[in-house]
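Peer 1: Turn this into a model:
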Amino acid sequence: QVQLVESGGGLVQAGGSLRLSCAASGSIFSITVMGWYRQGPGKQRELVAHITSGGSTNYADSVKGRFTISGDYAKNTVYLQMNSLKPEDTGAYYCHAEVSKVGHPGIFYDYWGQGTQVTVSS
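Peer 2: Numbering: from 1, shown residues only. Now for the predicted structure:
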């Protein structure tokens, strides 16, 4: 089995910063992409940012210039540095990884963390 464990959420005032971390563990053969999604109150889950094993990144327009994603694929870990936070950034943040497992190197599965809450007060 594969587990994603997130940390770093919390309550912060508008304009503040938070750093999220996510570590993947278990029967991992390889990971092609890791990233973060979020779900605000009454909203659908949306992509925030992701980073491939090759280092390519992609960001939602709403976070460009404020959030930075980085990854350490040797440690199967991804980080999200969030600066200049706004109340609209409030939500549950979920780590995601596309993983092939030991014994099944050509088959990729989507895994999700449990989520970590980010609340930005105005």
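
Peer 1: Identify the residue nearest the geometric centre of this protein.
Peer 2: Centroid-nearest residue in the chain, with Cα atoms, centre = their mean: residue 36, separated by 2.4 Å.

Peer 1: distance of it from residue 89?
Peer 2: 11 Å (Cβ to Cβ, to the nearest Å). Any C-beta I mention is one placed from the backbone N, CA and C, and that applies to glycine too.

Peer 1: if we can go back for a sec, check contacts around the residue nearest to the centre of the chain.
Peer 2: Each residue near residue 36 by Cβ atoms under 8 Å, 6 or more residues apart in numbering is listed here: 20, 22, 47-50, 69, 78, 80, 93-96.

Peer 1: Okay, buried residues for stretch 50-67 please.
Peer 2: By 16 or more other Cβ atoms under 10 Å, the buried positions in stretch 50-67 come out as 50-52, 59, 63, 67.

Peer 1: Tell me the span between the first and last residue of it.
Peer 2: 11 Å (Cα to Cα, to the nearest Å).

Peer 1: Quick one: residues in contact with it.
Peer 2: Applying Cβ under 8 Å, 6+ apart, the set of residues contacting stretch 50-67 is 30-36, 46-49, 69-71, 73, 78, 80-85, 88-89, 96.

Peer 1: same thing but at 7 Å, please
Peer 2: Stretch 50-67 has contacts (Cβ atoms under 7 Å, 6 or more residues apart in numbering) with 31-35, 46-49, 69-71, 73, 78, 80-84.

Peer 1: Can you get me the centre-to-centre distance for the lowest-mean-pLDDT helix or strand in the chain and its chain?
Peer 2: In the chain, no helix or strand scores lower on mean pLDDT, DSSP states H and E than strand 104-112, which sits at a mean of 92. In terms of Cα atoms, centre = their mean, to the nearest Å, the centre of strand 104-112 is found 17 Å from the chain centre.
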